[in-house]
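> sharing a model that was predicted from the sequence below.
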Amino acid sequence: MATAFLQSIDFKLYARPDSELLPSGIPGFDAELGGIPRGSVTDIYGPASSGRTSLLLALLAQATAGEEFCAVVDASDAFDPMSAVAAGVAIERLLWIRSGGNAEHALKAADLLLQAGGFGLVAMDLGDIAPETARRISLASWYRLRRAVENTPTALVVVERGPLARACATLALECARDRMQWSGAPGCSQLLRSVTFAAERRKPLRPASAAFEARMRLDLQR
Amino acid sequence: MFACLHAAGAGALLLACAQDFSPQVEETGTDTVILDIDGLGNLFGTVHDIAHAMARRAGFPVNIAIASNPDAAFHAARGFEGISIVPEGDEAKFLASLPLTLLSPAEDMAETLASWGIRTFRDLDALPDLGVAARLGEEGVRLQKLARGKSSRPLRPVIAPPRFEESMELEYPVDLLEPLLFVLGRLLGDVCARLEERALAAIELHLRLQLENAGEHARAIRLPVPMRSARVFLKLLELDLEKHPPAAPIVRVTLAAEPAKPRLTQNGLFIPLAPEPEKLELTLARIAAVVGEGNVGSPEMVDTHRPGAYHMRPFGKSQQRTGKRAYPAVLAFRVFRPPLVAKVQGNFISAPGIRGKIVQQAGPWRTSGEWWTPAAWARDEWDVALSDGALYRIYCDADTGRWFIEGSYD
């Protein structure tokens, strides 16, 4: 009888609909990768000077330009408001939370923000947290964040040195520095003009990469 | 039945006296009040007893008149000295001797009546109704009714501005937060219910805790938008009291809410996502309890050339449309707070966690400012690319000659 009942059910596999993407405003990046998904965790990782923060600021600028509220949970107190303004971030729509190097506090703050809802982008900056401290964050914490952001229009971005969210991240981008553009004569009148970065998609495993150029701030073009 | 109290130049005292007897008090003039005394007989006895009780309570000479309608009581109090009881049904006879000026007729009406030889209530009462209506119109009929003591109108009671304040004396001093929250929960419930009755919300909460050592602990919570949720208020007060606990056990709790019109917003299909103010306030208070009060907010640029200067302001105060546009990627800077003390030897730099050879450099650029203040700065800056692959901004402090790494380009 049970078999007959099971046979009567028309089993179908429903594909999960594609998430809405939040563009970065960087043409090359958006053309190749489309943006970052909302309702998911995105890992942006790489060593120092690999373009992680430049990419994050571009995403924040794009979201705030669309009148959305954003939050940066800054575990290492490294956020530079001047850079944000230069990148076009509307800082009056930006909530900045400094957790003073405490990754646990940063996770808790991010969790509370996601529970409250209403933010277009929540960024957790763990970029300067020591790798041994970052590795101590339990997988359960990342699952909790993933559950909190699921089915919401919020994009959760984690900036770090190495992939931390791993299985919980829908998109993982590895950033690396490609080349630097200096102008002037070496040694005396050189100027750092721009740096070209490369972002490579590591998850999902469909090969894609994008290169983008980050220019020096206008006020620092000395 | 209605009582009227009249005493020249004692308006506020009369009002206070009348409100001791009845909640239905009309402030008819600057020196006259009328109150509804129905039901006072059970407390004081006859109307004479009520009138004498009022005279005793006033404590100064006051004309008191009791009548079946407010206007008859009003005219009797203004026309006769002391206590007057206007018998029901005989108002016209009782008021007959009063001068017509008490009715305050309009100038042309007063002139007409004077020319007819009408000087008292009795004279006006004696005129035929139809004749008065035909010659003096509606106003004449009204004055005649007043002169006969037959008018009928409802009382227009004074409504005191509502106070959204609740207080509770505790049976024993409370020194723990949890029992205090029970008390606060009840007071907040009452305050919110009263706000809801009047379709209002609270924009500011004031908590006053009277302490066992005769001191007082006062806290005020300013809300970003008017709210009326007892649950949210309780959590905000809990978080605030956790951060700012009173110095001694509490013996009395007073809670007041500053009323404001509730926020009325209608969300549209095309309005971008925004956090709900009630939830946001609670979330920010919770986060502030975790990371510290000064670490939550919106950055704001300061009008100075000092590198890295900013100011934190409360988040959510500015909700206007920004009209900003995003720019192409700009090289971001990550700040080391505080700057890392570095050692520079030839082309090598070392600092905690950073070590490498300078492979490319740009600089120096000298910046200085605020030399007229104790917080003056002067320094030479370089952008350097190290052999570890990272780009840093380093500077040498002109006063001390020490080297620092300010941050990295990322």
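Received, thanks. Residues are numbered from 1 along each chain as shown, chains lettered A, B, ... in the order given.

> which strand or helix spans B:Ala110?
Using DSSP states H and E, B:Ala110 falls within helix B:107-115.

> what helix or strand is B:Glu166 on?
Per DSSP H and E, B:Glu166 falls inside strand B:165-174.

> list the buried ones in the helix or strand just after that strand?
Using DSSP H and E, the helix or strand that follows strand B:165-174 towards the C-terminus is helix B:177-197. Burial within helix B:177-197, assessed by neighbour count using 16 or more other C-beta atoms under 10 Å in any protein chain shown, is assigned to B:Leu180, B:Leu181, B:Val183, B:Leu184, B:Leu187, B:Leu188, B:Val191, B:Cys192, B:Arg194, B:Leu195. For glycine as for every other residue, the C-beta is placed from the backbone atoms N, C-alpha and C.

> nearest to chain A among those?
Taking C-beta to the nearest C-beta as the measure, B:Leu181 is the one of the buried residues of helix B:177-197 closest to chain A, at 20.3 Å.

> so the residue nearest to the closest one when sequence neighbours are not counted, which of the three states?
Excluding its sequence neighbours, the residue lying closest to B:Leu181 (C-beta to C-beta, 6 or more residues apart in numbering or on different chains) is B:Glu238, at 5.9 Å. Using DSSP: H, G, I helix; E, B strand; the rest coil, the three-state assignment for B:Glu238 comes out as helix.

> ok, B:Glu238 touching B:Gly185?
No: the pair B:Glu238 / B:Gly185 is not scored as a contact, 9.8 Å apart, by C-beta atoms under 8 Å.

> so who does the residue most central in space within chain A touch?
The centroid of chain A falls nearest to A:Val157 when counting by C-alpha atoms, centre = their mean (3.2 Å). A:Val157 makes contacts with A:Ile36, A:Thr42, A:Ile44, A:Leu56, A:Leu59, A:Leu121, A:Val122, A:Ala123, A:Met124, as judged by C-beta atoms under 8 Å, 6 or more residues apart in numbering or on different chains.

> how does it look with 6 Å?
By C-beta atoms under 6 Å, 6 or more residues apart in numbering or on different chains, the contact set of A:Val157 is A:Thr42, A:Ala123.

> ramachandran coordinates for it?
Torsion angles at A:Val157 (phi, psi; degrees, to the nearest 10) stand at phi -110, psi 130.

> report pLDDT for the closest residue to B:Arg313 other than its chain neighbours.
Excluding its sequence neighbours, the residue lying closest to B:Arg313 (C-beta to C-beta, 6+ apart) is B:Glu300, at 4.9 Å. B:Glu300 carries a pLDDT value of 90.

> as CSV, the buried residues of helix B:177-197 with pLDDT would be great.
Formatted as CSV, the buried residues of helix B:177-197 follow (pLDDT from 0 to 100):
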residue, pLDDT
B:Leu180, 93
B:Leu181, 94
B:Val183, 94
B:Leu184, 95
B:Leu187, 94
B:Leu188, 95
B:Val191, 94
B:Cys192, 94
B:Arg194, 91
B:Leu195, 92
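
> so the residue nearest to B:Arg313 is in which element?
B:Glu300 belongs to strand B:296-301, assigned by DSSP H and E.

> then A:Phe79?
A:Phe79 belongs to no helix or strand when assigned by DSSP H and E.

> for the one 5 residues further on, same thing?
Counting by DSSP H and E, the secondary-structure element that holds A:Ala84 is helix A:81-86.

> so that helix, near chain B or not?
Yes: counting by C-beta under 6 Å from any C-beta of the partner chain, chain B is contacted by helix A:81-86 at A:Pro81, A:Ser83, A:Ala86.
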